[in-house]
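Visitor: Sequence isn't available, so here's the structure alone:
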């Protein structure tokens, strides 16, 4: 006879919102050059989508693992995205003087061409 008093454990958070947010932010901020943020977001979406089905099938341990992996993946995605943005800003900042010199030289060349 089945144990009627046995209760289901609480359903784990599937982290779907953060999985989608991390993927969309990676695309919007153009960090697709660095593949890790987008891949991390996609992996997070895959694991997040498994949580509810595993829980409903009675695989509570599997649902917990999928929830844990989804959380890790979206955190890795966000950290990689922020890291790549910091890197891009540093590269542009370090070469800003050179960029402005070339811009000013080209502007002067254009003025000379128009003055002829």
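Guide: Perfect, thanks for sending it. Model, not experiment: these values are computed from the prediction.
Visitor: residues of the lengthiest helix in the chain that come out buried?
Guide: Among the segments of the chain that qualify as a helix by DSSP state H, the longest is helix 60-94. Using 16 or more other C-beta atoms under 10 Å as the test for burial, helix 60-94 gives 63-67, 69-71, 73-74, 76-78, 80-81, 84-85. To be clear about C-beta, it is placed using only N, CA and C from the backbone, and glycine gets the same treatment.
Visitor: what is the rounded mean pLDDT of that helix?
Guide: Averaging pLDDT along helix 60-94 gives 92.
Visitor: which residues make contact with the next helix or strand after it from outside it?
Guide: Once the chain leaves helix 60-94, the next helix or strand it forms, by DSSP states H and E, is helix 96-115. The contact list for helix 96-115, computed with C-beta atoms under 8 Å, 6 or more residues apart in numbering, reads residue 92.
Visitor: just stretch 59-76 next, same as before
Guide: With C-beta under 8 Å, 6+ apart as the test, stretch 59-76 has contacts from 8-9, 11-16, 18-19, 21-22, 36, 40-41, 43-45, 47-48, 50-52, 54-55.
Visitor: same thing but 10 Å
Guide: With C-beta atoms under 10 Å, 6 or more residues apart in numbering as the contact definition, stretch 59-76 has outside contacts at 8-23, 36-37, 39-57.
Visitor: From the residues you listed, list the buried ones, please.
Guide: The neighbour count (16+ other C-beta under 10 Å) marks 12, 14-16, 18-19, 21-23, 36-37, 39-45, 47-48, 50-52, 54-55 as buried among the contacts of stretch 59-76.
Visitor: Which ones among the residues you listed lie within helices?
Guide: Cross-referencing the buried ones among the contacts of stretch 59-76 against helices under DSSP H gives 16, 18-19, 21-23, 36-37, 39-45, 47-48, 50-52, 54-55.
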